[in-house]
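Visitor: what follows is a predicted protein model with its sequence.
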Amino acid sequence: MAEPFFVVEHSALESFARQLLEGAGVAPHRAALVASNLIFGNLRGVDSHGMQLLPYYVEQLSSGLIDGAQDGAPIRESGGTLHYNAANGLGAVTSAICCDHAIRLARSHGIAFVVARDANHFGAAAYWGRRISAAGLIGFAFCNASPIVPPFQAREPRLGTNPICMSVPGPEETSWLLDMATTTVAANRIFKAYHNKQEEIPTGWAMDKEGRPTTNTNEAFHGLVMPLGGYKGTGLAVMVEILCAILGGGAMSTEVGGLRVKDRPMGVSHSFMAIDPARFAGAEEFGERMDKLTNYLHSAAPGSGYDEVLVAGEPESRFEKERRETGIPLGPGEWQRLVDWATKFKVSLPVSIRKAM
């Protein structure tokens, strides 16, 4: 029999996350931002970038690998560009500041590009793309990451999962929102399977440490994540590395730390871009043409085994609607790690909890 999942109401879980972060010494306003970012991942079904990350954050805060009191500061600003020193602050905190700079600069210049160096994990990239698109701008977010991915034709890690995100203005339920790793799946989906004692993962997700494809969760956890589409995924990952670490002067490739690295800060770089559609065809026409394109895509006949055609962001929006009503599931291993930190910080567990098989 499978072990039970714990299901918690989303607002209770967000409050719990805030309290754990405050227990680790994070100021309430910063803790609230990080908690919101994590719950966003869970609500949208991207559990790999939800509460699963919190124990790693808390551990790094407690050991001094993240400076929870830092906001960072601009290094230089020129036209529509800004270079930012995240100063090893919480990824969600410095990313919010950088997104707000991107919005400000795009409103003045029509387009903006902000790069932050010496940063930490920023959760789901979609959270930042949407923060920009909620201001009526097209939002992009990129991040280099821990070197757990081999380049195409290699068996040694040199790249991260290096996500790419683009979000367009419009209603949250229907607007186009792409958030993808440059690997077949985000690494944390493999980590989640491992901590939840899942025996196998799907074919094509990972390789063992010798570079052989594997479906064994333990081998994958101690092995390598597969690039998306072979050389194409490697090319996209390198593109993100250039737009983040190379452009920003930050750590790159094997210089980057990670959530499971305990001897140095993560040191990743983030990039955010904002484009004002009003400077081109116009905001209203942009929205109309996006609707038209979406309708074109929806009108395509579904392939075998499918009932409908969806566009980027729609599956996650449906997850969010459902989970706001039914709660957020947490695997047994994931839940126990949260319980351990709650015990240490004397934080009460969420009261609206039930078990589901």
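Guide: Nice, I can see it.
Visitor: can you read off the pLDDT for the residue at minimal distance from the centre of the chain?
Guide: Geometric centre of the chain, nearest residue: residue 124, 2.1 Å, by CA atoms, centre = their mean. Predicted confidence (pLDDT) at residue 124: the value is 96.
Visitor: got the contact list for it?
Guide: Applying CB atoms under 8 Å, 6 or more residues apart in numbering, we find residue 124 in contact with 37, 40, 41, 44, 46, 49, 50, 179. (Glycine included, C-beta is placed from N, CA and C.)
Visitor: could you do residue 120 as well?
Guide: 60, 66, 86, 88, 89, 90, 91, 94, 265, 266, 268.
Visitor: ok, 7 Å please
Guide: Going by CB atoms under 7 Å, 6 or more residues apart in numbering, residue 120 touches 66, 88, 89, 90, 91, 266, 268.
Visitor: output those in TSV; the columns should cover neighbour count, secondary structure and distance to residue 79.
Guide: Below are these laid out as TSV (neighbours: other CB atoms under 10 Å; DSSP: H, G, I helix; E, B strand; the rest coil; distance: CB to CB, whole Å):
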residue	neighbour count	secondary structure	distance to residue 79
66	25	coil	32
88	21	coil	28
89	24	coil	25
90	31	coil	28
91	25	helix	26
266	22	coil	30
268	29	strand	25
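Visitor: which one of those is nearest residue 242?
Guide: When those are compared for distance to residue 242 (CB to CB), residue 268 wins out at 14.0 Å.
Visitor: for the closest one, what are its contacts?
Guide: Counted by CB under 7 Å, 6+ apart, residue 268 has contacts 119, 120, 143, 144, 145, 256.
Visitor: any chance of the residues you listed in TSV, plus secondary structure and pLDDT?
Guide: Formatted as TSV, the contacts of residue 268 follow (DSSP: H, G, I helix; E, B strand; the rest coil; pLDDT from 0 to 100):
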residue	secondary structure	pLDDT
119	strand	98
120	coil	98
143	strand	97
144	coil	97
145	coil	95
256	coil	96
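Visitor: thinking again about what came up before, narrow the contacts of residue 124 to those in helices?
Guide: Among the contacts of residue 124, the ones falling in helices (DSSP state H) are 37, 40, 41.
Visitor: let me see the ranges of the strands in the stretch 101-250 of the chain.
Guide: 111-119, 138-143, 164-167, 177-180, 206-207, 213-214, 224-225 (DSSP state E, counting those that start in this stretch).
Visitor: mind giving me a markdown table with the ones you listed and columns for mean neighbour count and distance to residue 80?
Guide: Putting those into a markdown table (neighbours: other CB atoms under 10 Å; distance: least, CB to CB, whole Å) gives the following:
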| stretch | mean neighbour count | distance to residue 80 |
| --- | --- | --- |
| strand 111-119 | 25 | 4 |
| strand 138-143 | 26 | 13 |
| strand 164-167 | 23 | 18 |
| strand 177-180 | 21 | 23 |
| strand 206-207 | 24 | 40 |
| strand 213-214 | 18 | 44 |
| strand 224-225 | 28 | 34 |
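Visitor: closest one to residue 128 among those strands?
Guide: Distance to residue 128, taken as CB to CB, is lowest for strand 138-143 among the strands of the stretch 101-250 of the chain, at 4.1 Å.
Visitor: that closest one: how far from the chain's middle?
Guide: Centre-to-centre, strand 138-143 and its host chain are 11 Å apart (CA atoms, centre = their mean, to the nearest Å).
Visitor: confirm residue 94 sits in a strand?
Guide: No: assessed with DSSP: H, G, I helix; E, B strand; the rest coil, residue 94 is helix; it does not lie in a strand.
Visitor: now tabulate the strands of the stretch 101-250 of the chain in TSV and tack on distance to residue 242.
Guide: Shown next, in TSV, are the strands of the stretch 101-250 of the chain (distance: least, CB to CB, whole Å):
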stretch	distance to residue 242
strand 111-119	11
strand 138-143	10
strand 164-167	13
strand 177-180	18
strand 206-207	25
strand 213-214	28
strand 224-225	20
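Visitor: and the ones in helices among the contacts of residue 124, which of them are buried?
Guide: For these, a burial check counting by 16 or more other CB atoms under 10 Å picks out 37, 40, 41.
Visitor: so how far is residue 293 from the first one?
Guide: What it means is residue 37. Taking CB to CB, to the nearest Å as the measure, residue 37 falls 29 Å from residue 293.
Visitor: so where's the stretch 251-357 of the chain shaky on pLDDT?
Guide: Flagging of the stretch 251-357 of the chain using pLDDT under 70 yields the residue ranges 352-357.
Visitor: what pairs with the nearest residue to residue 335 once chain neighbours are set aside across the strands?
Guide: Nearest residue to residue 335 in three dimensions, chain neighbours excluded: residue 6, at 4.6 Å (CB to CB, 6 or more residues apart in numbering). Beta-bridge pairing of residue 6 under DSSP bridges involves residue 330, residue 355.
Visitor: pLDDT at residue 222, what is it?
Guide: Per-residue confidence (pLDDT) for residue 222: 82.
Visitor: Provide a list of residues in contact with it.
Guide: residue 209.
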